[in-house]
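**Q** Pasting the sequence and the predicted model now:
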Amino acid sequence: MSEETTLPPHVLVLFGATGDLARRKLFPGLYHLAEAGRLPESFAVIGSGRHSPGTDDEFRAKVRKGLEEFVDDLDDAVAGPLLERISFQVSDSDDGKDLAKAVKAAEKDLEPQEGQEVHRLLYLSVPPGAMRPMISMLGREGLTERARLVCEKPFGTDLESSRALDATIKDVVDEAQVFRIDHFLGKEAVQNILAVRFANGLFESAWNRDHIESVQIDVPEELTVEGRGSFYESTGCFRDMVNTHLCQVLGFVAMEPPVHLTADALRNEKAKVFEAMKPIDPSRVVLGQYEGYREEEGVDPRSSVETFAALEVFIETQRWQGVPFYLRTGKALAETRRTVTITFRTPPMGMFGHHADGPNELVLELTDDARMSLELHTKRPGPVMDIARTTMELDLATKDPADEPLEAYERLLLDVMRGDQTLFTRSDEVDRLWCLVDPVLSDPPPIHRYAKGSWGPREARGLPGQRGWRLDGVDA
Ligand code: BG6
């Protein structure tokens, strides 16, 4: 859809409007969209939740405080008019009558032109347990008409609860109205994986088992679960990161080229990757918990919840058969990185009289200013033909001042309003991913303790074989 398309009038209902995600990402995201003139001309935002944050003015003051904290150089000319359109209406899963009235009143106030429909964007940033009853309430109150339903992960906590959630969703809306957010897909750098792969003959022709030896998707985080202890106790690292963010990145790395970049074509190819993925073998999974986790607020002092996971997965397709994918993520680790490493097979090096000290590696850093490097073998300067390993660094931004990168949530909010599901996960993908991780969740391997600031439990070091993890090799 073209950028210039005018968006229809919208009423956004934000459940969890006083929560952390709304403060850190959603309201700042709306601000940036307003600043760039990307919001509909006519819209209203209704925050909702069980507890009132006070009057509308008091709520707006709280939103404003969040904006001051999370937006650089806040401009009153943008923030003022945005805040004026924001209000709050108490609701809960048993009683959504007042909310329904507030939504209808807001729609009337928007004064849509003749023949124009007001779209509803219903954003559920609520814990997994609250999701189903809220969705049923939205259906009962008729709020799902003309609506797009945005659900935050995790989508259930296991296969059974995910299927129950999906059934509830399908009771009230069609799949075409559902936008399951995995914010990693909203990141420019993650979308860049597709551009690097499919727009460069150099890589696409080598992107298969004949040339690639292994792949690592490594997302260590320095932050602890501080402040999110009770959420983590009910989720754990595996559900929070592995069958969501890491697998979605894997889907982009491993998918066949879609015929078009449309929601159906792209998601079909991603779903095929998950279909071809072997159920995860618990003996090839290492789980860990950082020392001090049990003392965090909201955490059981005897908790056996994992804060670290490392695993090996295989995809049984012609392209990937026999190529191991290593996934790793965890909290309280040595560094915060989001690194994809593609390790290429080494050609015979006999003519140089020795073996290479490491294979070619293509390293994608999925940061906001996406970068990529390529580890190559070149001639060491000097009188003999000696081979050295050198690094070619590439900045993936185009340096065009007209470029306007979007933060993940900004992009995804915009896509919901545009009705574009390409970067959202589909129900069959979610279901399959739960099936794949089920052997680990129902029979988890032992949890190993690790020191804060380390690279996780010792037991995970050798999982990818002798060369280990690229990140600890380089930076530990
Ligand atoms: C969230 C997880 O979805 O993603 C967090 O719940 C994690 O535990 C976060 O820290 C990482 O996202 P980002 O965008 O900071 O890399």
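**A** Now that the structure is in, tell me what you want to look at.
**Q** Check which helix or strand residue 272 maps to.
**A** With elements taken from DSSP states H and E, the one containing residue 272 is helix 263-276.
**Q** One more: residue 80?
**A** helix 76-84.
**Q** do the same with residue 374
**A** Assigning secondary structure by DSSP H and E places residue 374 in strand 371-380.
**Q** Could you please name the strands the very next helix or strand once past that strand pairs with and the direction of each pair?
**A** Sequence-wise, the next helix or strand beyond strand 371-380 is strand 386-395, with elements assigned using DSSP H and E. For strand 386-395, the pairing partners within the sheet under DSSP bridges are strand 371-380 (antiparallel).
**Q** Now the partner strand: average pLDDT?
**A** Summarised as a single mean, pLDDT over strand 371-380 is 92.
**Q** And stretch 218-238, by the same measure?
**A** When pLDDT is averaged along stretch 218-238, the result is 94.
**Q** Look up the closest residue to residue 330, ignoring the ones flanking it.
**A** Sequence neighbours aside, residue 308 is the residue nearest to residue 330 in space, at 3.1 Å (criterion: C-beta to C-beta, 6 or more residues apart in numbering). For glycine as for every other residue, the C-beta is placed from the backbone atoms N, C-alpha and C.
**Q** for residue 303, that is, sorry about that
**A** What sits nearest to residue 303 in space, not counting adjacent residues and going by C-beta to C-beta, 6+ apart, is residue 294, at 5.4 Å.
**Q** Per-residue pLDDT of the one you found, please?
**A** The score at residue 294 is 97. That number is its pLDDT.
**Q** now do residue 355
**A** Confidence at residue 355, expressed as pLDDT, is 64.
**Q** cool, residue 474 as well?
**A** According to the model, residue 474 carries a pLDDT of 47.
**Q** which residues in the stretch 1-150 of the chain form helices?
**A** Secondary structure of the stretch 1-150 of the chain (DSSP state H, counting those that start in this stretch): helices at 20-21, 27-35, 56-70, 76-84, 97-109, 128-140.
**Q** any idea how far residue 182 lies from the ligand?
**A** Relative to the ligand, residue 182 is positioned 8 Å away (C-beta to the nearest ligand atom, to the nearest Å).
**Q** can you pull the pLDDT of that residue?
**A** Note on residue 182: pLDDT of 97.
**Q** OK, contacts around it?
**A** Listed by C-beta atoms under 8 Å, 6 or more residues apart in numbering, the contact partners of residue 182 are 153, 244, 245, 248, 424, 425.
**Q** farthest-separated two in those?
**A** Longest distance between any two of the contacts of residue 182 is 13.7 Å, between 245 and 424; criterion C-beta to C-beta.
**Q** circling back to that earlier point, just the helices of the stretch 1-150 of the chain: most buried one?
**A** Comparing the helices of the stretch 1-150 of the chain by mean neighbour count (mean count of other C-beta atoms under 10 Å), helix 27-35 comes out on top with a mean of 22.
**Q** May I have the phi/psi pair for residue 161?
**A** According to degrees, to the nearest 10, the main-chain angles of residue 161 amount to phi -70, psi -30.
**Q** Run through the residues that contact the residue in the stretch 351-476 of the chain that the ligand sits nearest to.
**A** The ligand sits closest to residue 408 of the stretch 351-476 of the chain, with a gap of 6.3 Å, by C-beta to the nearest ligand atom. Residues counted as contacts of residue 408 (C-beta under 8 Å, 6+ apart) are 25, 183, 184, 185, 186, 187.
**Q** Please name the nearest non-neighbouring residue to the fourth one.
**A** By that I understand residue 185. residue 423 (4.3 Å).
**Q** The one you found against residue 409, yeah?
**A** No. No contact is recorded between residue 423 and residue 409 when judged using C-beta atoms under 8 Å, the distance being 11.4 Å.
**Q** Common neighbours of these two, please.
**A** Overlap of the contact sets of residue 423 and residue 409 (by C-beta under 8 Å, 6+ apart) consists of residue 186.
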